[in-house]
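>>> Take a look and give me a structure for this.
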Amino acid sequence: MKLQWFFVLQKNYFHFELFRIFADPILGRITKNTYTMRNHYETVFILTPVLSADQAKETVANYKKMLKEAGAKIHNEEHWGMKKLAYPIQKKSTGFYQLFQYEVEGEFIAKMELAYKRDEKIMRFLTVKLDKHAVEYAKVRIEKVKSFAKAAK
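The predicted model follows:
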């Protein structure tokens, strides 16, 4: 049995295919198994300040549910609360900030960003793919945030 690996870089995720070539003199068939790797992402979005606290929580819960339905593994979720914006967006000077750090297949990101664009409650959003160094830094940062929360209690 001859085993060959082929690596293909696609749009926004790393995809590799494993080809198993069997020595079959009659058919000469090739069987193909495809696997996709999950990447780490970080998304920050700003909700409009005209929402009540309950409406903001409901909107965040909807996006969290959307991530879970896609099979995402959520590593960290932070609600930063209402903050002053650096410049006015849609004639508003404040907004509710929300952060998600998660691991998911790359094809889902386009669907998620389309949902952000269609939602009137979202003023701005930014999704970033994390490299291995950023993932390590995020883990350290999560531990610091947890230790500060414990010390505050």
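>>> show me where the chain has strands.
With DSSP state E, the ranges of strands along the chain come out as 2-9, 14-21, 30-36, 39-47, 73-89, 92-104, 122-130.
>>> residues contacting Phe100?
42-43, 63-64, 67, 74, 76-77 (CB atoms under 8 Å, 6 or more residues apart in numbering). (Each C-beta comes from the backbone N, C-alpha and C, glycine too.)
>>> Quickly note the distance from it to Thr59.
Phe100 is 13 Å from Thr59, where distance means CB to CB, to the nearest Å.
>>> Same check on Leu67?
For Leu67, the distance to Thr59 equals 13 Å [CB to CB].
>>> for this structure, which spans come out with low pLDDT?
Within the chain, the set of residues satisfying pLDDT under 70 comprises 1-36.
>>> Just the C-alphas of the longest helix seen in it, formatted as CSV.
When the chain is parsed with DSSP state H, its longest helix is helix 132-152. Below are the C-alpha coordinates for helix 132-152, written out as CSV (Å, rounded to 0.1, in the frame of the first residue of the first chain):
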residue,chain,number,x,y,z
LYS,A,132,-0.2,29.7,17.0
HIS,A,133,1.4,32.5,18.9
ALA,A,134,-1.9,34.4,19.3
VAL,A,135,-3.6,31.2,20.6
GLU,A,136,-0.9,30.8,23.3
TYR,A,137,-1.2,34.5,24.2
ALA,A,138,-5.0,34.1,24.4
LYS,A,139,-4.7,31.2,26.8
VAL,A,140,-2.4,33.2,29.1
ARG,A,141,-4.8,36.2,28.9
ILE,A,142,-7.8,34.0,29.8
GLU,A,143,-6.0,32.7,32.9
LYS,A,144,-5.1,36.3,33.9
VAL,A,145,-8.7,37.4,33.5
LYS,A,146,-9.9,34.4,35.6
SER,A,147,-7.3,35.1,38.3
PHE,A,148,-8.4,38.8,38.4
ALA,A,149,-12.0,37.8,38.7
LYS,A,150,-11.2,35.5,41.6
ALA,A,151,-9.2,38.2,43.4
ALA,A,152,-12.1,40.6,43.0
